[in-house]
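[1] When you get a sec, could you give me coordinates for this:
(chains A and B)
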Amino acid sequence: MPGHIPIWVGILSELTEFGIFFVAYFIAKYNYPEAFSLGPKSVSTFAGVLNTLILLTSSYFMAKAMINIRVDNRLKSERYLWLTFGCGCWYLVVKTAEFYWNHQQGFSTNTSEFFTIYYYMTFNHFLHVGWAACAILWVIFRLRKGAYSAKQHSGLEALAMYWHMIDLMWILIFPLLYVLR
Amino acid sequence: MKSLGKIEFYWGALIAITLFNTFLGEQFESSALVSVLVALTVMYKGLMVIDHFMELRHAHKYLRLMMRFYLIFFPSLIILTAFF
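    Residues are numbered from 1 along each chain as shown, chains lettered A, B, ... in the order given. Modelled structure (predicted):
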């Protein structure tokens, strides 16, 4: 099992939470088709695409950090973790700018059923990226202290699993809120 | 260990699929065909991340099955909503 059991309990809880969001999205879309047809045209597709590219790239960097720790190259592994952290920060900056832009356009959680779901999903995802980015800093600290090696790196692997899970959730959120009209 | 070239290929493919999905959404009016294409590409992206980034291909089979089911089930709902 990659990582360890506690992280998979956490991942399963998160999958359940996001699963409820997705079910809510489909129920709302079925009941309010017009709001869900207009909604994606109102939000910034550019910000959505940019954040998708950033998160996919962050997952790539995280996978490279794992590849490098397996060959005991701690320095390179740390560099890739910093790059992943940088991507996480960029995601948060782009998302904050997107929320601000929405505010300037007069959009809020009460604008329509689409925007209620949009803020519910994206703000929740935003929080997940935020605390996972903090976890990257902790893992970098542990890596520098020599806690991970080619033989023992379950903590780093657990973080990688969690980070990839966050990327997976965005892979699902992106088409629902930005592409499908 | 995974060869270094392979992971770059999967990253490039994921980026290309994302841009293709965006192009579909921007250039074409919403239709059942667009929804089906988007749903299938989202499934494919999810399965790529599960197998090649999370490396669950060699993990416990139920863990991989559960993750694959999740990334097949929710995009399938996109197809369902396109027809109902």
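[2] Only C-alpha atoms from now on, for both contacts and neighbour counts.
    Fine.
[3] Counting neighbours, which bits of stretch B:15-34 end up buried?
    Of the residues in stretch B:15-34, those with enough neighbours to count as buried (16 or more other Cα atoms under 10 Å in any protein chain shown) are B:Ile15, B:Ile17, B:Thr18, B:Asn21, B:Thr22, B:Leu24, B:Gly25, B:Glu26, B:Ser30, B:Val34.
[4] Which residue, other than its chain neighbours, is closest to B:Lys45?
    Once flanking residues are discounted, B:Lys45 sits nearest to B:Leu14: 6.2 Å by Cα to Cα, 6 or more residues apart in numbering or on different chains.
[5] What pLDDT does the model give that neighbour?
    With respect to pLDDT, B:Leu14 scores 95.
[6] how far away is it from B:Met43?
    As judged by Cα to Cα, to the nearest Å, B:Leu14 and B:Met43 stand 11 Å apart.
[7] What residues does chain B have near chain A?
    Residues of chain B lying close to chain A by Cα under 8 Å from any Cα of the partner chain are B:1-2, B:7-8, B:11, B:14-15, B:18-19, B:21-22, B:24-26, B:29-30, B:35, B:38, B:42, B:45-46, B:49, B:53-54, B:56, B:59-60, B:74-75, B:77, B:81.
[8] The residue nearest to B:Lys45: which element?
    Secondary structure from DSSP states H and E places B:Leu14 in helix B:4-27.
[9] now swap in A:Thr109 and tell me
    Per DSSP H and E, there is no helix or strand for A:Thr109.
[10] Once you drop chain neighbours, what's closest to whichever residue of chain B sits closest to chain A?
    Going by Cα to the nearest Cα, chain A is nearest to B:Gly25 of chain B, at 4.8 Å. Spatial nearest neighbour of B:Gly25, chain neighbours left out: A:Val179 (4.8 Å); criterion: Cα to Cα, 6+ apart.
[11] My understanding was that the one you found contacts B:Phe28; is that so?
    No - judged on Cα atoms under 8 Å, A:Val179 makes no contact with B:Phe28 at a distance of 10.4 Å.
[12] Please work out how many residues are found near the residue in chain A positioned nearest to chain B.
    Across chain A, the shortest distance to chain B (Cα to the nearest Cα) belongs to A:Val179, at 4.8 Å. When neighbours are counted by other Cα atoms under 10 Å in any protein chain shown, A:Val179 registers 23.
[13] next one: A:Tyr120
    A:Tyr120: 14 neighbours (other Cα under 10 Å).
[14] Show me what whichever strand or helix holds it is packed against.
    Assigned by DSSP H and E, A:Tyr120 falls within helix A:113-144. Here helix A:113-144 touches helix A:5-31, helix A:33-42, helix A:74-105, helix A:154-174, going by 3 or more Cα pairs under 8 Å, 6 or more residues apart in numbering or on different chains; DSSP states H and E.
[15] Swap in 6 Å and give it another go.
    Judged by 3 or more Cα pairs under 6 Å, 6 or more residues apart in numbering or on different chains; DSSP states H and E, helix A:113-144 is in contact with helix A:33-42.
[16] Please save the CA atoms from the helix it packs on in PDB.
    Below are the C-alpha coordinates for helix A:33-42, written out as PDB (Å, rounded to 0.1, in the frame of the first residue of the first chain):
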ATOM      1  CA  PRO A  33     -30.500  23.600 -16.100                       C
ATOM      2  CA  GLU A  34     -30.600  27.300 -17.100                       C
ATOM      3  CA  ALA A  35     -28.500  28.500 -14.200                       C
ATOM      4  CA  PHE A  36     -26.000  25.700 -15.000                       C
ATOM      5  CA  SER A  37     -25.900  26.600 -18.700                       C
ATOM      6  CA  LEU A  38     -25.200  30.300 -18.000                       C
ATOM      7  CA  GLY A  39     -22.900  29.800 -15.000                       C
ATOM      8  CA  PRO A  40     -19.800  28.400 -16.700                       C
ATOM      9  CA  LYS A  41     -20.000  31.200 -19.300                       C
ATOM     10  CA  SER A  42     -19.800  33.800 -16.500                       C
END
